[in-house]
Each structure stands twice: as structure tokens, then as C-alpha cells.
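Trainee: Predicted model and sequence follow; I will ask about them next.
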Amino acid sequence: MKRIFSGVQPSGNLHLGNYLGAIRNFVTLQQDNDCIYCVVDQHAITLWQDPAELRQRTREVTAGYLAAGIDPKTSIIFNQSQVAAHAQLAWVFNCVARIGWLNRMTQFKDKAGKNREKASSGLYVYPNLMAADILVYKGTHVPVGENQKQHLELTRDIAQKFNNDFGVEFFPIVEPLIQGTATRVMSLRDGSKKMSSSDASDASRINMTDDADAVAKKVRRATSDSELLPDPSVVGADGQFAEDFRQARPEAANLLTIFAALTNRDLAAVVGDFEGKGFADFKKEMTEVAVGTMGQIGAEMKRMVDDPAFVDSVLRDGAERARALADPILAEVYDIVGFLRP
Ligand code: AQP
């Protein structure tokens, strides 16, 4: 059985990119695997978070997991800071990972921006904590969106170096699971930018808590172009848009990809249905589909957020089960490293 680990930061609104790129896959993976899903609050504070909002958003992400269909009885759901072993293993990994490796991480460059000197040191070593999150459970497979691929490669490098340095076969070499049609959902305002919770424009994303009116308005106002929709020859053998089409018409590519993902259909078949039509017709159908899926999840999320005692009990129970798995693995790491535990 595979051991699946993944997480989402409680640092902003959960959006359609998080849902299609990650959370929806978490749900399907539950069927045949041993799954651990974390709300990574320690990652979130690598950028400033208001404490009251952090608590609220931690409950919101938990509610998002539950509303999307993660079953807290079969999967483990908890928030990272409740399981100390994550931070403890991260320290060991801070001493395994090389500065040169971290210097290559594009997410640090993007998030630190021009003001790199003022970025927190936590933001810099973020990938080491991410490696610890996964490996403290000896996770084998990690469902993520495409933007996290580089961090997972670093997790593999850390596991390999740890095993080599200490002459052990201790940590597994994790496999990323980048699944589905929409592994990189782009902004509704600018098809060349990733849909992101930190985008200043709320119109750039569909939040999982948006109501039907908000979803409809955002789809209607999504940036499009002046051409008619293409024929299926722009979809490659891999079932994704060819790169030159994506480059030439990023907004059309993004909206059609989202539609295919939301309806669980092949991209080529969806493109065939809309071939030669204008964006107005397409957006009408897209609104119905987006409201149908996201509206339902959003309503369920809101219901759960209004019951914090229930959400907290899920996190408490999950953390207890997570500690029972992580603590013995951390103890073995400490023995391997040579930390005395009298
Ligand atoms: N636009 C996206 N398309 C597909 N997958 C996405 N994910 C995020 N954005 C997209 C995936 O969602 C999971 C949780 O991401 P996260 O919030 O913990 O951190 P992130 O990867 O840095 O993405 P965000 O939410 O957009 O953060 P900000 O706002 O800071 O840029 C991950 O599996 C991620 O790949």
C-alpha cells in the first residue's frame, strides 16, 4: 500500500487551483491508500500571518478537505504545528540539504521578490520542512500541483543524501503524483500567471467559499481573447494543449482546461464541443459547471466553519494518530544521527 502525504497552507483563500491541482486528487487517493493530509500552518508563517486569521484559515482549510470529501476516519487530517516531529526532523534536514540546492528554488525567488534580504529565513528553508513533513511518515507518494515539482525533487535529494551519508536505506525516494487535466490552473485575469491565493486581485481566482453569484461574475469577467474557440488539433497526444497554443492563447487554454477538469472529460472532446464558438456561449456553460461544483463545496465548507468544535475535534484526533506514526520514525532518525536518548 502506498503512503500518501500532502498539505495545503492556511495562508489565504482556498481556490480552484488548490482544488483541481491537489485536494480533488486527495479524495480519490483515499480509496486504496494510506493517506495523511496536513494543514501546513508552520509553512504559512514563512510569510507574515495575522494570528487570529491563521486560526480561522486553519479551520477553513480543514473544512475544505472535509467538504471536498476527505473522510477523517480513513485518512488522517491534522495541522502541522500539533506534531512536533515535523519541525524536529526539519532541523536534521537543515543540516543535510546544501545551500546551493536551496539557492535554485524558484518559489523562494518568486515569493521573496526583490526584497530578498528582508525575507524570513523560514521562507528560505521551507523545502527542508516540506521534506520533513513527508519523510517523517516515510511517505512514498505526494499528490501536488505542478508548481511543487521542484520542491519534491529536493525531498528526493535530501532522502538520498541522508541515506548515503549515514550508510542506511532508511528514507524512501518519494514519487510526485501530478494528476488530472488541470495541474496548473492559471489566473482568470492573466493566463500567464498561476492562480494564487496571494494575488491581490480577488477576480483572478475562484475561491472555494465563493457563492454562486461571485463564481458567475468571475467566470463572466474572466479575460478571454477575440478569436473563436479552436479545433481539437491543438490538443497533443498527452491530452494537454500543445505548448505553442498555450503560449499564443493562454486564457483560452486555461478556461477550456478548467472546464474539462470540472466536468471530468477529455480535453480534446471538450474542445471539439466548442469548436468555432465564441467565448460568450462557452462562458454560459462554464458558469453552470463551476457554480454546480464549487457552489456545493463552498456551502458545505461554510456550514463546517460555523461549527469550530467539530473541526477542532477532527484536527485533535488526526494529530494524535499522526504523532503515533511520526514519533517512532523520528526516534530512529535520532539514533542514526547519533543523538543520545538516555
Ligand atoms: N494554480 C494552481 N494550479 C494547480 N495546483 C495548484 N496548487 C496551488 N496553486 C495551484 C496546489 O495546491 C496545493 C497547496 O498549495 P499551497 O497553498 O500550500 O501552496 P502553493 O503551492 O504555494 O500555492 P498557493 O496557494 O497559490 O500559494 P500562494 O498564494 O502563496 O502562491 C499544492 O499541491 C499546490 O501545488
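Mentor: Cool, got the structure.
Trainee: Please name the residues that touch the residue lying closest to residue 147 once chain neighbours are set aside.
Mentor: Sequence neighbours aside, residue 194 is the residue nearest to residue 147 in space, at 6.0 Å (criterion: CB to CB, 6 or more residues apart in numbering). To be clear about C-beta, it is placed using only N, CA and C from the backbone, and glycine gets the same treatment. Residues in contact with residue 194 (CB atoms under 8 Å, 6 or more residues apart in numbering) are 17, 147, 184, 185, 186, 187.
Trainee: Go again with 10 Å.
Mentor: Going by CB atoms under 10 Å, 6 or more residues apart in numbering, residue 194 touches 17, 21, 110, 145, 146, 147, 184, 185, 186, 187, 204, 205.
Trainee: One more: residue 17?
Mentor: Residue 17 neighbours (CB under 10 Å, 6+ apart): 23, 145, 147, 182-187, 194-197, 205-206, 258.
Trainee: out of the residues you listed, which are inside strands?
Mentor: Per DSSP state E, strands hold no members of the contacts of residue 17.
Trainee: what's the most distant pair in the residues you listed?
Mentor: 23 and 187 (18.7 Å; CB to CB).
Trainee: Next, the buried residues of the lengthiest helix in the chain.
Mentor: When every helix of the chain is counted residue by residue (DSSP state H), the longest turns out to be helix 308-337. Within helix 308-337, the residues that count as buried by 16 or more other CB atoms under 10 Å are 311, 314-315, 318-319, 321-323, 325-326, 329-330, 333, 336.
Trainee: same thing with stretch 10-30?
Mentor: For stretch 10-30, using 16+ other CB under 10 Å, the buried residues are 10-27, 29-30.
Trainee: Pull out whichever of those residues are also neighbours of the ligand.
Mentor: 12, 17, 18, 21, 22 (CB under 6 Å from any ligand atom).
Trainee: how about a markdown table for the residues you listed, with distance to residue 249, secondary structure and pLDDT added?
Mentor: Shown next, in a markdown table, are those (distance: CB to CB, whole Å; DSSP: H, G, I helix; E, B strand; the rest coil; pLDDT from 0 to 100):
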| residue | distance to residue 249 | secondary structure | pLDDT |
| --- | --- | --- | --- |
| 12 | 28 | coil | 88 |
| 17 | 19 | helix | 96 |
| 18 | 25 | helix | 96 |
| 21 | 21 | helix | 94 |
| 22 | 26 | helix | 95 |
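Trainee: Can I get these in a markdown table including distance to residue 80?
Mentor: As requested, those are exported to a markdown table (distance: CB to CB, whole Å):
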| residue | distance to residue 80 |
| --- | --- |
| 12 | 16 |
| 17 | 21 |
| 18 | 16 |
| 21 | 20 |
| 22 | 16 |
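Trainee: and of those residues, the nearest to residue 221?
Mentor: For these, the nearest to residue 221 is residue 17 (17.7 Å; CB to CB).
Trainee: could the buried residues of helix 308-337 go into JSON lines alongside pLDDT and distance to residue 73?
Mentor: Conversion of the buried residues of helix 308-337 to JSON lines gives the following (pLDDT from 0 to 100; distance: CB to CB, whole Å):
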{"residue": "311", "pLDDT": "98", "distance to residue 73": "15"}
{"residue": "314", "pLDDT": "98", "distance to residue 73": "10"}
{"residue": "315", "pLDDT": "98", "distance to residue 73": "14"}
{"residue": "318", "pLDDT": "98", "distance to residue 73": "10"}
{"residue": "319", "pLDDT": "98", "distance to residue 73": "15"}
{"residue": "321", "pLDDT": "98", "distance to residue 73": "10"}
{"residue": "322", "pLDDT": "98", "distance to residue 73": "14"}
{"residue": "323", "pLDDT": "98", "distance to residue 73": "18"}
{"residue": "325", "pLDDT": "98", "distance to residue 73": "16"}
{"residue": "326", "pLDDT": "98", "distance to residue 73": "20"}
{"residue": "329", "pLDDT": "98", "distance to residue 73": "23"}
{"residue": "330", "pLDDT": "98", "distance to residue 73": "25"}
{"residue": "333", "pLDDT": "98", "distance to residue 73": "29"}
{"residue": "336", "pLDDT": "98", "distance to residue 73": "34"}
